[in-house]
Every structure is written in structure tokens, then in C-alpha cells.
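**Student:** Please work out how this folds:
(one chain, ligands or ions: 1)
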Amino acid sequence: DTANHARRTAYHFQPAKNWQNDPNGPMYHNGMYHLFYQYNPHSALWDIGNLSWGHSVSGDLLNWAALDTALDPTSPFDANGCWSGSATILPGALPAILYTGIDASKEQVQNVAFAKNPSDPLLREWEKPAYNPVIALPADVPGDKFRDPSTAWLGRDGLWRIAVSAEVDGVASTLVYRSKDFVRWERNAAPLHASRAAGMVECPDLFPVAERGEDGLDTSANGAGGVRHVLKLSVMDTLQDYYMVGTYDDAADAFSPAEPERGDDCRSWRRLDYGHVYASKSFFDVRKNRRVLWAWANESDSQADDVARGWSGVQTFPRKMWLAKDGKQLLQWPIEEIETLRRKRAGLWRGTRLGAGAVQEIVGVASSQADVEVVFKIPSLEEAERVDDPNRLLDPQKLCGEKGAAVRGGVGPFGLLVMASGDLHEHTAVFFRVFRHHDKYKLLMCTDLTKSSTRAGVYKPAYGGFVDMDIDDHKTISLRTLIDHSVVESFGGGGRACITARVYPEHVATSSSHLYVFNNGSDAVKVAKLEAWDLATATVNVVVGDHHGL
Ligand code: FRU
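**Tutor:** I've put the predicted structure just below:
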């Protein structure tokens, strides 16, 4: 129906139909970007035995052509599913994939596949050698807890390494395997990381970042000064991605965290996104010298809705990712290619003042498919809400739930109302709020979904995270929000805090969406800049004859 049709994204990656979850094996090779993804070719639901690797190619990370599936569960070592994994480009420009197979006896094993014809610009066919699996299930790991090989990196000894997730003696572990030839792999006795408390971790990613600047590094970069490493883990228990910056020693295959005070339980590490994303994976884009992150944003409505729509799951918009100056947090920003989709622009005059209770419409853009950048100036922090009990500042998501956009504050809430119906009955609020604890200020960012849809049976929480920056320094906070029908993907403080949400407003079946800027704090704020663009519809795996978008 119309509402379902209106949910389809215009520039966020989706297959033409059916179920998709984790991004797999992203890479740039021979002038082409490749994205593989966990795909069920038979339905809009995840099905334990039916996972294939969907495959699409792109010249610009915006427009995608769908190819046939690259890996299907047809061999004894993956008969019950081709699960997540990663790509590595071997010397001689030979792309290789390592992935988890659910074998004929339903055990998880690691397999290799090679591009059949490395000079085919589309890398359409993949060969799974008969000698698979290359890593059998270890004796101390349960059959259903051994998966998700990372992109390989080279150590100074010339050996390849990969990270693989496993539960060892009840402990969530990130194992390291080494290999000379990519075929015979040996496990390092000590895991790269182990956490007794986190539950099963999935999709480990270890990658280098430059200490200074925004450029990315090849996954094997290490040794020379100026390199830090990031360990990213996805925790099944919370369905969240966490990361820690640190140093990686390839002699011992050991990782030392930059913030050991956060402990071993990776659920207290930093969050990649405070919203609804999981199983992220990054790759080094040699074309533009940057590290690019993909992540899966699951649906937040029901399985019956997925079936009715015929598809489920999107990928976040590709994000460039680099290390902040503090050496502890990552910054994420939509890749610059998105700017080529920008069309009509609307905005506000510099210095527009938003008094207490102000709600101002940004007219002239279609708010269901837009890119919005706004910079707020806070004249004074005098009125910031005081919090004496530090425990109240421990759970930002809870705080966003208690102090939604409609709850009047001191400094904030101020921000955007997106995907709003003309009467504001439905709206998704993305906003900031400043708290003061003794002489310290804390900047909260929220995406409040409680009014996002009038429909029942949809998950509509208020998501939230603290933006790690000194708000009292510049008294300036930026917000970038990408709106794409059923996706609201926001970047606070120049990419310090990201919140991706899935929204299902009902009004889109009969009317268009509106965009507002608001302030519900008792203190006025200023809009130093506000620019909003209509975005054109990219060509994303569309079947010829299928028309959607604006
Ligand atoms: C993460 C995950 C991976 C697994 C894949 C199966 O979402 O559970 O651990 O390989 O999905 O589809």
C-alpha cells in the first residue's frame, strides 16, 4: 500500500526486496565499490538456514547495481547458511572472502572464497575451494558460538591475521588466527580481548586510525608512529556496537586500551551509535584515502509488517570515520558524495533567535528525503538544569525518556522536528539538552520517537547519548540529520554522537512531511546556520519498472 511504499529508502542501501542484515565484505577494487550483505533470497524474514551473501556494486557508494548472490549455502561446509565475514585484497590484486559457514552438522566454521576471475570488474563469481573449512570448530568453543571473521591484516612477520568471535569457556572472546597462505590458520593462545560479562560478541573489527587528521589507513598499517587501533565489537545481548581505541602490538597480538578504566566488559566502552544499528563493518577506501563504516539498521515494526512490505533492513549511510584529537573517540560523518544528491535548498537567516517555546517551520524542502545541517549557539549556560545526583547522569537513554522534547527545560531541549505531519501530531524530535552537575556541563543528545507514529505496535523509544565535548568552551553545537522516509540518522557535535532511528509515520500515506526547528528551553538559543536540502533519489538496486521515491 501507499504507506508501505513510502517507507522505502531513497539513498540508504537496500536490496530490491527480501531480508537483509549485516554488511559483509565491503571493499574497493579495480575502480568499483562492492557491498555484500546477509541476505535471505526467499523472504523478508531472517531464516537461520537460508542466509546467502547478497552482492551489489557501485562507482560512487551512492548508486548501486544488484548482482546475483555471491555465496549460497550449497556446500557441505556452509549447507546451513553463509553467515557474516569480510573481504581482504591479497597481493596480486586478488580479492578473498573469509566467512562463517553453518556446516552440514550445523556447526560454525570459517571458510575462504576467492574471486573466480579477479579481472572481472564486477567480481560476479566466487569460488569456494573444496578444502574448506579453513578453520574448523575448536574443541573449547560451542558449535553455535564461533563466527564473523574480520578483514585480515599483515603483521611485520609477514603473516596474515584475522579476528574471529568465539565463546571460550563461557567467556566472550575475540580470537586471533595467523596464516602464511590464507588457507592454513593457527590460533594465538591468548585472545585479543575477553569479557566474562558481555555475553556473545559478534562481528569483531580491528582497524588502524591515524593519530592526527581525517585520512584513513590500510588495515595492515601499524608500527610507525602516529597509528592507533580501534577494536569494535557487537554485543548480542544489547544489540549494540561498542568500540575502544588503543594500541595493537603485532608481536604478541595484544590490544591495550586507551581507556582501561572502562573495564573489560565492552558494554561500558564507547558506542558507535546510540540508536538502532548493529553489526557494523569498516573498510579502507584507497580511492579517497578514508575509512568508511557500514552498519545494519533493522526495522522497528513487526515481522508481519516486514512480510507485508516484502523487505526488511537497511544499511546506514556510509560514514567516513576518523580519530578525534582526544585520542579516545571516533568521529563519523556522512561521506561527501551525498552532496551530489542535494537539490533545492531552504534555510534560516543567520542569527535567528529561537525564544522559549519557539517552533519554526523550514519551508521549501520535502522533509521525507532531506539533508539538514544546523548550528546552534547557546548565549548562556546559566539556566542549565542542575543535577545533584550523579547517578541520574549514568543512563542517557533513560534521561531522554524522562525528559522528552515536550518537557520544558533550561538550556534545551532545542533541535529539529522531522518527518512531522502538518498538525505536528506525528513528529520525530532530534534535540539537545544541557545539564549541570556541580561545575561540569553535560550535553545530552536525544532522538525521541514517542510521537514518531500514531500507530501502535511499533518500537518508539527515546534514544540518547552524551556528546563528549566541552560545551562551555564554545557554546556551539552542530546537528546534521539525514532523513530518508523510514530512516532518521543524526550526527551531533560534528560526528561525536550518532543516533540512527527507524520511523513509520502514518501521515505519509496521505500527506507530505514537514520540518521544524524548535526550542523548548526557558533560555533563548540562536541558529547560527541552518541549511536543508531536498535529496535526489539514488539508484539503489531498483528493479527496472519499479518506481519509488519523491
Ligand atoms: C550478527 C549476526 C552474525 C552472523 C549473522 C547471521 O547480526 O548474528 O553474528 O554471522 O548475523 O546472519
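**Student:** State the mean pLDDT of stretch 256-269.
**Tutor:** What stretch 256-269 shows for mean pLDDT is 97.
**Student:** And stretch 376-394, by the same measure?
**Tutor:** 93.
**Student:** Could you do stretch 77-87 as well?
**Tutor:** In this model, stretch 77-87 has a mean pLDDT of 98.
**Student:** Now look at it and say if it contacts the ligand.
**Tutor:** Yes - counting by Cβ under 6 Å from any ligand atom, the ligand has neighbours in stretch 77-87: Trp83, Ser84. Just so you know, the C-beta spots here come from the backbone N, C-alpha and C atoms, and that holds for glycine as well.
**Student:** what does the helix or strand of the chain with the lowest mean pLDDT contact?
**Tutor:** Of all helical and strand segments in the chain, the minimum by mean pLDDT, DSSP states H and E falls on helix 2-7, at a mean of 78. Applying Cβ atoms under 8 Å, 6 or more residues apart in numbering, the set of residues contacting helix 2-7 from outside is Asp305, Ala308, Arg309, Ser368, His485, Ser486, Tyr504, Glu506, Val508, Ala509, Thr510, His548.
**Student:** burial count for Val503?
**Tutor:** Other residues within reach of Val503, judged by other Cβ atoms under 10 Å, total 26.
**Student:** Next, the contact list for the spatially closest residue to it that is not a sequence neighbour, please.
**Tutor:** Spatial nearest neighbour of Val503, chain neighbours left out: Ser452 (4.4 Å); criterion: Cβ to Cβ, 6 or more residues apart in numbering. Ser452 makes contact with Met419, Glu426, His427, Thr428, Val458, Lys460, Ala501, Val503, Tyr504, Pro505, according to Cβ under 8 Å, 6+ apart.
**Student:** again, but for Gln108
**Tutor:** Contacts for Gln108 (Cβ under 8 Å, 6+ apart) come out as Trp83, Thr100, Gly101, Ile102, Leu137, Gly143, Asp144, Lys145, Phe146, Arg147.
**Student:** what do you get for Tyr242?
**Tutor:** Tyr242 touches Lys232, Leu233, Ser234, Val235, Cys266, Arg267, Trp269, Arg270, Arg271, Leu272, counting by Cβ under 8 Å, 6+ apart.
**Student:** how close does Asp348 get to the ligand?
**Tutor:** Not quite, residue 348 is Leu, not Asp. Distance, Leu348 to the ligand, using Cβ to the nearest ligand atom, to the nearest Å: 40 Å.
**Student:** Not counting residues beside it along the chain, what's closest to that residue?
**Tutor:** Leu530 (4.0 Å).
**Student:** what ranges do the helices span in the chain?
**Tutor:** For the chain, the helices defined by DSSP state H occupy 2-7, 303-309, 396-402, 471-474.
**Student:** So which of the ones you listed is nearest Trp19?
**Tutor:** helix 303-309 (7.5 Å; Cβ to Cβ).
**Student:** what about that closest one, average pLDDT?
**Tutor:** Mean predicted lDDT for helix 303-309 stands at 95.
**Student:** Flag every buried residue along it.
**Tutor:** Using 16 or more other Cβ atoms under 10 Å as the test for burial, helix 303-309 gives Asp305, Asp306, Arg309.
**Student:** can you check stretch 309-321 too?
**Tutor:** By 16+ other Cβ under 10 Å, the buried positions in stretch 309-321 come out as Arg309, Trp311, Ser312, Gly313, Val314, Gln315, Thr316, Phe317, Pro318, Arg319, Lys320, Met321.
**Student:** How far does it stretch from one end to the other?
**Tutor:** 33 Å (Cα to Cα, to the nearest Å).
**Student:** oh, and call the first residue 21 from now on, that's how I've got it
**Tutor:** Understood, numbering begins at 21; the last thing we discussed is stretch 329-341.
**Student:** Give the residue spans of this structure that score low on pLDDT.
**Tutor:** Low-confidence segments of the chain, defined by pLDDT under 70: 21, 563-570.
**Student:** which residue of it sits farthest from its center?
**Tutor:** The outermost residue of the chain relative to its centre, with distances by Cα atoms, centre = their mean, is Glu402 at 35.5 Å.
**Student:** Name the residue closest to the centre of the protein, please.
**Tutor:** Ala315 (3.4 Å).
**Student:** Restrict stretch 535-550 to CA atoms and write it as CSV.
**Tutor:** Presented in CSV, the C-alpha positions along stretch 535-550 are these (Å, rounded to 0.1, in the frame of the first residue of the first chain):
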residue,chain,number,x,y,z
LEU,A,535,10.4,20.1,9.0
TYR,A,536,10.7,22.4,12.0
VAL,A,537,13.3,23.8,14.3
PHE,A,538,12.3,24.3,17.9
ASN,A,539,13.4,25.4,21.3
ASN,A,540,11.6,24.2,24.4
GLY,A,541,14.1,25.6,26.9
SER,A,542,13.4,28.7,29.1
ASP,A,543,16.5,30.3,27.6
ALA,A,544,16.6,31.5,24.0
VAL,A,545,19.1,29.9,21.6
LYS,A,546,20.4,31.2,18.3
VAL,A,547,20.6,29.4,15.0
ALA,A,548,24.0,30.3,13.6
LYS,A,549,23.3,28.4,10.5
LEU,A,550,20.5,26.2,9.1
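**Student:** hang on, isn't Ala548 packed against Lys397?
**Tutor:** Yes - at 4.9 Å, Ala548 and Lys397 qualify as touching, with contact defined as Cβ atoms under 8 Å.
**Student:** list residues touching both of these two?
**Tutor:** In contact with both Ala548 and Lys397: Thr496, using Cβ under 8 Å, 6+ apart.
**Student:** So which bits of the stretch 221-370 of the chain are right by the ligand?
**Tutor:** Checking the stretch 221-370 of the chain against the ligand by Cβ under 6 Å from any ligand atom, the hits are Glu222, Cys223, Tyr298, Ala299.
**Student:** and if we set it to 5 Å?
**Tutor:** Glu222, Ala299 (Cβ under 5 Å from any ligand atom).
**Student:** So which residues of the stretch 221-370 of the chain form strands?
**Tutor:** For the stretch 221-370 of the chain, applying DSSP state E, counting those that start in this stretch gives strands covering 221-230, 247-255, 260-269, 274-277, 290-291, 298-305, 310-317, 331-332, 334-335, 339-343, 350-354, 362-368.
**Student:** Tell me which of those strands sits nearest to Asp80.
**Tutor:** For those, the distance to Asp80 is smallest for strand 298-305, at 11.3 Å, taking Cβ to Cβ.
**Student:** partners of the closest one in the sheet?
**Tutor:** Here strand 298-305 has these sheet partners by DSSP bridges: strand 310-317 (antiparallel).
**Student:** Just the CA trace of the strand it pairs with, in PDB.
**Tutor:** Output of strand 310-317 as PDB, limited to C-alpha atoms (Å, rounded to 0.1, in the frame of the first residue of the first chain):
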ATOM      1  CA  ARG A 310      39.400   7.200   4.100                       C
ATOM      2  CA  ARG A 311      38.000   4.600   6.400                       C
ATOM      3  CA  VAL A 312      34.300   4.000   5.600                       C
ATOM      4  CA  LEU A 313      31.800   2.400   8.000                       C
ATOM      5  CA  TRP A 314      28.700   0.500   7.100                       C
ATOM      6  CA  ALA A 315      26.100  -0.700   9.700                       C
ATOM      7  CA  TRP A 316      22.800  -2.500   9.600                       C
ATOM      8  CA  ALA A 317      19.700  -0.700  10.800                       C
END
